[in-house]
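Asker: Fold the stuff below for me.
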Amino acid sequence: MVETAIILTFISVSCLAYSIIQGVTGRDRQIKTRLERLKPVLPIYSQTDNSLDQPFISRILGPFFNKIAQVALRLTPQNIRKRTELLLDQAGNPANLGVNEFLVLKTMIRLGLPLVTFLIVRPSNKVGFLLVGAVLIIAMILPDMILKRMVQKRRETIAAELPDTLDLLTVSVEAGLGFDQALLKQVEKTKGPLSQEFKRVLHEIRIGTTRRDALRSMAERTAVEDLQTFVAAVIQADQLGVSIGNVLRIQSSQLRQKRRQRAEEKAQKAPVKMLIPMILFIFPSLFIILLGPGILQLIDNFMKM
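Answerer: Okay, the predicted model is just below:
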């Protein structure tokens, strides 16, 4: 009887285990069958498909540019890279170029422009080699020269926009807005490099930077003398508890006076700058027109003698 009970218990447990296994595996088979039926309907994504969906430039030229960027970064000293990053920041990051992208672009210009010139000219004499050498020199200095020119132009634009911007800030502050709210209104109503810088200041304040540090960072980043003076006055007024409206009005008046003085200075320099083209181009033409007939007549008289 005991042996019969043990056998029956073993058979019962085996059947129960078999039923559980069959239930689980049968459910898995049902899921697999349903997925196989849905395969023609559901899109199947893979890493290869995602890569093929990318543009041609990203798939083909992207790795090539990355290799050039790695080589350019290895060959570029750290101080030059930091200086390039600062210049790009001062230029307003044109075309959203980062340091790596600019270094790749500069390397491509320095290598590609002389190579294209060499293939087109195919120098066989000294003139051809001199032309390729001149193009090589131009390619070496052209990217940095363009970047510095963009930085200088942006600084001049910021200096020109600052007096009008200070007038708007003065009106907003005197109307009852705080300094940060006045900056926000200025950013919403105007466009340009100065508005972009104030927008960046507000963003830095929102993420936890103090107003003082954000304004100082803007002054150091732009390197505009008038803006640095304005930032120093605002920070000092904030520390001493002086009214921001009065400081803004005084700064606006001073900046307008400085702009007037710069215009007068340029007007006084204009005659001196005009003297060089007059001597080189205008005076020789006048001499030829006025003295030419007399000289020709003297030559004819000497020939008849």
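Asker: Now do the same contact list for Asn125.
Answerer: With contacts taken as CB atoms under 8 Å, 6 or more residues apart in numbering, Asn125 has no neighbouring residues. Placement of C-beta: from N, CA and C, glycine included.
Asker: What strand or helix carries Asp300?
Answerer: Taking DSSP states H and E as the definition, one finds Asp300 inside helix 283-304.
Asker: Let me see the domain layout of the protein.
Answerer: As assigned by automatic domain parsing, the chain contains the domains 59-153, 156-261.
Asker: Buried residues in the helix or strand where Gln251 lies, which are they?
Answerer: In the assignment (DSSP H and E), Gln251 maps to helix 244-277. In terms of neighbour count (16 or more other CB atoms under 10 Å), helix 244-277 has its buried residues at Ile244, Gly245, Val247, Leu248, Arg249, Gln251, Ser252, Gln254, Leu255, Lys258.
Asker: what stretches of the protein score poorly on pLDDT?
Answerer: Across the chain, the ranges flagged by pLDDT under 70 are 1-69, 72-73, 305.
Asker: Find the residue at the geometric middle of it.
Answerer: For the chain, Asn93 is the residue whose C-alpha lies nearest the centre (CA atoms, centre = their mean; 1.3 Å).
Asker: and that residue, backbone torsions?
Answerer: Backbone torsions of Asn93, given as degrees, to the nearest 10, read phi 50, psi 70.
Asker: Quick one: residues contacting Met150.
Answerer: Residues in contact with Met150 (CB under 8 Å, 6+ apart) are Ala91, Gly92, Pro94.
Asker: same thing with Lys189?
Answerer: Leu168.
Asker: That one and His203: what is the separation?
Answerer: To His203, Lys189 is 18 Å away according to CB to CB, to the nearest Å.
Asker: Could you pick out the longest helix of this protein?
Answerer: Longest helix in the chain, counting residues (DSSP state H): helix 126-174.
Asker: right, and the helix or strand after it?
Answerer: Assigned by DSSP H and E, the successor of helix 126-174 is helix 179-189.
Asker: Going by neighbour count, which residues in that next one are buried?
Answerer: By neighbour count with 16+ other CB under 10 Å, helix 179-189 contains the buried residues Phe179, Ala182, Leu183, Leu184, Lys185, Gln186, Val187.
Asker: How many residues are close by the spatially closest residue to the second one that is not a sequence neighbour?
Answerer: Among residues not flanking Ala182 along the chain, Ser172 sits closest, at 3.7 Å (CB to CB, 6 or more residues apart in numbering). Counted with other CB atoms under 10 Å, the burial measure for Ser172 works out to 21 neighbours.
Asker: Hmm, Ser172 is touching Glu188, no?
Answerer: No - here Ser172 does not reach Glu188: they are 10.9 Å apart, not a contact under CB atoms under 8 Å.
Asker: coming back round to it: elements contacting the helix holding Gln251?
Answerer: With contacts taken as 3 or more CB pairs under 8 Å, 6 or more residues apart in numbering; DSSP states H and E, helix 244-277 sits against helix 126-174, helix 225-240.
Asker: any chance of the ones you listed in JSON lines, with distance to Thr84 too?
Answerer: JSON lines is the format used below for those (distance: least, CB to CB, whole Å):
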{"stretch": "helix 126-174", "distance to Thr84": "8"}
{"stretch": "helix 225-240", "distance to Thr84": "22"}
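Asker: Of the ones you listed, which is nearest Met278?
Answerer: Met278 lies closest to helix 126-174 among the helices and strands packed on helix 244-277, at 27.0 Å (CB to CB).
Asker: Just want the angle from that closest one to helix 244-277.
Answerer: Regarding helix 126-174 and helix 244-277, their directions subtend 150 degrees when assessed with axes from the mean of the first three to the mean of the last three CA atoms, to 10 degrees.
Asker: Please give the centre-to-centre distance between helix 126-174 and its chain.
Answerer: 12 Å (CA atoms, centre = their mean, to the nearest Å).
Asker: Over to stretch 249-266?
Answerer: For stretch 249-266, the separation from the chain centroid amounts to 30 Å (computed by CA atoms, centre = their mean).
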